[in-house]
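Asks: Need coordinates for the following:
(2 chains, ligands or ions: 1)
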Amino acid sequence: MKITDASMTRFGRFGGQFVPETLMQPLKELAEAYSRLKADPQFRGELSALLSNYAGRPTPLYLAKSLSRELSRKVYLKREDLLHGGAHKLNNVLGQALVAKAMGKTRLIAETGAGQHGVASAMVGANLGLDTEVYMGEVDIERQKMNVYRMELLGAKVIPVRSGSRTLKDAINEAMRDWAGSYETTHYLMGTVAGAHPYPLMVRELQSVIGTEAREQILDAEGRLPDSVAACVGGGSNAMGIFSGFLRDEATNLIAVEAGGRGTSSGDKIADHGACLNLGEDGVLHGAMTKILQDPYGQILESYSLAAGLDYPGVGPELAHLVEVGRVTPAIADDGAALEGFRRLSVLEGIIPALESAHAVGFALKDPEALGEITIINLSGRGDKDLTTVMEHEGRGGI
Amino acid sequence: MRLAEAFSRRPLLIAYICAGDPSPGATVEIAQLLARSGADVVELGLPHSDPIADGPVIQAAAMRAIEAGMNTDVYFDVASKIRAEVPLVFMGYYNMILRRGLEKFAGDCADSGITGLIVPDLPPEEAGPLRTACEKAEVDLISLVAPNTPTERIPYIAEGSGGFLYLVARAGVTGARADLQESTKALIERVKTPLPKAVGFGISTPEQAAEVIRAGADGAIVGSVCVDLISKGDLAGLEDLIRRMKAAIREAKSAEKVEKMESARI
Ligand SMILES: Cc1ncc(COP(=O)(O)O)c(C=O)c1O
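Replies: Numbers count the residues shown, from 1 in each chain, chains lettered A, B, ... in the order given. Now for the predicted structure:
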């Protein structure tokens, strides 16, 4: 018996389930439970109530007047930074945690890089009464102390990951290893549209609320669709979330802005960027065939970005597919462009964006012509978490 | 030697080592030592940066090996230098194979004396292209069955497997465990296939190896404990362990034969 027909787990030639046999059954159970629940009125009602009353949906679509003036076009911001927790991560986490609960799981495990997904997981763990353990690379623990404390305050346990490069990719490895031994009681709450089926599909659907709202909101405001939608891409969940609302609107250019880090070159073990859609090659990472950063032998490289949430050497398989078929345009903003976006948006609009989201803003500042007359930038998160990083970068020392 | 031939003299002891730990040269020596001491198959791991099916012991070995210069070219060079009268089996992650090219990889296996491949992150749903390449190169692609594999799924997995079937003794990752779980024995019972069955993940003592043979397995696979001894430089200990394991599984097998003969008499 095949678990799932391989064609059902793919986006073109990307995706699939490249995982140990031990994980095939848990993935199948998850896919079945999710597909049953998403059609279930009670589940939908519960999720929708949590999204509005706990998380604060819908989020506004805000016409950024000064930025628009500066760029001589209309720039709208989809305000996921206003979501509870300060980032889009909660949309996905709420849905998955409800699925986990319905499946009778009592424990959540999650990976985190910047700590945003870990914090969101810890919030729902507290809210829904599920034990929550978050794997986090030792390097990330050091650079995101505030979020470590937030998770602990919310009652979650942060487990330091000492293997490999001790960053996000290793935290995902460790969460997968844990799940292979604990799936009977535990749900693996993956934070982005990467990994084996059904994660890329499920996380995109749970994040699609961003795009559904944004499409209605722009039609209300402008009476027409935007010429472009831009979003930053780490694994790709905020991008797929907003893009999914516009996929069928062929005239709307969907721009996926990846981390250009400190340059486009790669060393033996470390790439200077996180730009998999732009510079990666076919490979398998964390259970999916996608675009990855790797050496000539297939060892995975460490990625680099000032924004911890974009510091990942893989990308969601659906995005790899959409780029390959020409529906999504890959773009790059480096650390400098992101810092420019971070500062300009703060000064122009009184909004401090997350360093991740600042990549999309930085791209807009750098290449406004690419946006057309009306654009939506997905402001995936707020920047409070990044103040220390930026201060240190400016040589002012952290807080 | 093809695996089918090796399995004609069951029970088999299959020993895993991580190629390149502590050095490529040492791996040649250690593989030969394993064969000399009684291992019937040597599983040669190609270290990967992200070994999601492996526990801490093999993870650490992989890191050391990569640091010591192991890569796929060196790997095949090492394999071709091993002089031993036992089959060599590749164990490694799919991305390393994909990156080299499936046909080239399978061909390089055949050319360097490797007769089978174990790819822990490649379930049969995804294995089609590699299986085709392996068939062409006349090497076996060995499939894995886990304790939580539904019984209805086992024939589908076994059907695509060459050489033998790898029974994963327990959920989770590689690494030594104190006890053998009931679910391991249940798995051995549940798997009905004409292919030989070898059990691995968590076997670290002669007693455990004997137990899986008594439970009906055709082979016992030991990994982390070998890697651990190698990391401590204790090759004498490794040799001794392999000898004792081999003796234990032989004894288990002959005891089983006697039991069978006795029950046949009754
Ligand atoms: C605010 C924010 N935006 C974007 C990302 C990147 O993730 P994704 O590409 O899945 O949206 C993160 C990840 O931590 C984040 O915190």
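Asks: Tell me where the stretch 251-399 of chain A is predicted with low confidence.
Replies: A:398-399 (pLDDT under 70).
Asks: residue ranges of the helices in the stretch 1-150 of chain A, please?
Replies: Ranges of helices in the stretch 1-150 of chain A, per DSSP state H, counting those that start in this stretch, are A:21-37, A:41-49, A:65-71, A:89-102, A:116-128, A:138-143, A:145-153.
Asks: if we compare these, which one ends up closest to residue B:213?
Replies: The minimum distance between residue B:213 and those falls on helix A:21-37, with 22.1 Å, by Cβ to Cβ. Using the backbone N, CA and C atoms, a C-beta is placed for each residue, glycine as well.
Asks: Pull up the residues of the stretch 201-350 of chain A that are close to the ligand.
Replies: A:232, A:233, A:234, A:235, A:236, A:237, A:238, A:239, A:309, A:310 (Cβ under 6 Å from any ligand atom).
Asks: residue ranges with poor pLDDT in chain B?
Replies: Using pLDDT under 70, chain B drops low at B:257, B:259-266.
Asks: follow-up on the earlier one: weakest of the helices of the stretch 1-150 of chain A in terms of mean pLDDT?
Replies: For the helices of the stretch 1-150 of chain A, mean pLDDT drops lowest on helix A:138-143, to a mean of 88.
Asks: neighbouring contacts of it?
Replies: A:112-115, A:148, A:158, A:160-162, A:165-168, A:171, A:308, A:389 (Cβ atoms under 8 Å, 6 or more residues apart in numbering or on different chains).
Asks: swap in stretch B:91-105?
Replies: Taking Cβ under 8 Å, 6+ apart as the rule, stretch B:91-105 contacts A:18, A:282-285, A:292, A:294, A:296-300, B:16, B:43-48, B:50-52, B:72, B:108, B:117-122, B:126, B:129-130, B:132-133, B:136-137.
Asks: In which helix or strand does residue 187 reside?
Replies: Using chain A. Using DSSP states H and E, the element containing residue A:187 is strand A:186-189.
Asks: Oops, wrong one, chain B.
Replies: helix B:182-190.
Asks: in the following helix or strand past the strand holding residue A:187, what's buried?
Replies: Scanning forward in sequence from strand A:186-189 by DSSP H and E, the next helix or strand is helix A:199-222. Neighbour counts over helix A:199-222 (16 or more other Cβ atoms under 10 Å in any protein chain shown) mark A:199-211, A:213-215, A:217-218 as buried.
Asks: Stretch B:243-254 now?
Replies: For stretch B:243-254, by 16+ other Cβ under 10 Å, it's B:243, B:244, B:245, B:246, B:248, B:249, B:252, B:253.
Asks: for stretch A:121-137, same thing?
Replies: For stretch A:121-137, by 16+ other Cβ under 10 Å, it's A:121, A:122, A:123, A:124, A:125, A:130, A:132, A:133, A:134, A:135, A:136, A:137.
Asks: That one and the ligand in contact?
Replies: No - Stretch A:121-137 stays clear of the ligand (Cβ under 6 Å from any ligand atom), getting no nearer than 11.6 Å.
Asks: where's that stretch relative to the chain centroid, distance-wise?
Replies: With Cα atoms, centre = their mean, to the nearest Å as the basis, stretch A:121-137 stands 17 Å off its chain's centre.
Asks: likewise stretch B:209-223?
Replies: Using Cα atoms, centre = their mean, the offset of stretch B:209-223 from its chain centre is 12 Å.
Asks: does chain A sit close to that stretch?
Replies: No - residues of stretch B:209-223 are not located near chain A by Cβ under 8 Å from any Cβ of the partner chain, the shortest gap being 14.3 Å.
Asks: Just the endpoints, please. Distance across that stretch?
Replies: 12 Å (Cα to Cα, to the nearest Å).
Asks: ok, which stretches of the stretch 51-200 of chain B are helices?
Replies: Using DSSP H, counting those that start in this stretch, helices in the stretch 51-200 of chain B cover B:56-67, B:72-81, B:94-100, B:102-111, B:128-137, B:154-159, B:182-190.
Asks: Helix, strand, or coil at residue B:15?
Replies: strand (DSSP: H, G, I helix; E, B strand; the rest coil).
Asks: Just list the residues touching it, thanks.
Replies: So residue B:15 contacts B:34, B:39, B:41, B:42, B:43, B:221, B:222, B:223, B:226, B:242 (Cβ under 8 Å, 6+ apart).
Asks: looking at it, the third one is touching residue B:5, isn't it?
Replies: No - Residue B:41 sits out of contact with residue B:5 when judged by Cβ atoms under 8 Å, with a separation of 11.0 Å.
Asks: What is the neighbour count of residue A:318?
Replies: If you count neighbours by other Cβ atoms under 10 Å in any protein chain shown, residue A:318 ends up with 27.
Asks: buried set for the helix or strand harbouring it?
Replies: Following DSSP H and E, one finds residue A:318 within helix A:317-324. Within helix A:317-324, the residues scored as buried using 16+ other Cβ under 10 Å are A:317, A:318, A:319, A:320, A:321, A:322, A:323, A:324.
Asks: Next, the angle helix A:199-222 makes with it.
Replies: 60 degrees (axes from the mean of the first three to the mean of the last three Cα atoms, to 10 degrees).
Asks: hmm, helix A:317-324 touching chain B?
Replies: No - judged by Cβ under 8 Å from any Cβ, helix A:317-324 and chain B are separated, with a smallest distance of 12.8 Å.
Asks: got the CA coordinates for that helix in CSV?
Replies: Once non-C-alpha atoms are left out, helix A:317-324 reads as follows in CSV (Å, rounded to 0.1, in the frame of the first residue of the first chain):
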residue,chain,number,x,y,z
PRO,A,317,8.7,23.5,-2.8
GLU,A,318,5.6,25.3,-4.1
LEU,A,319,7.5,28.5,-4.5
ALA,A,320,10.3,26.6,-6.3
HIS,A,321,7.6,25.4,-8.7
LEU,A,322,5.9,28.7,-9.1
VAL,A,323,9.2,30.3,-10.0
GLU,A,324,10.0,27.6,-12.4
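Asks: Which strands or helices does that helix pack on?
Replies: strand A:10-11, strand A:14-15, helix A:199-222, helix A:237-243, strand A:253-261, helix A:276-279, strand A:288-292, strand A:328-334 (3 or more Cβ pairs under 8 Å, 6 or more residues apart in numbering or on different chains; DSSP states H and E).
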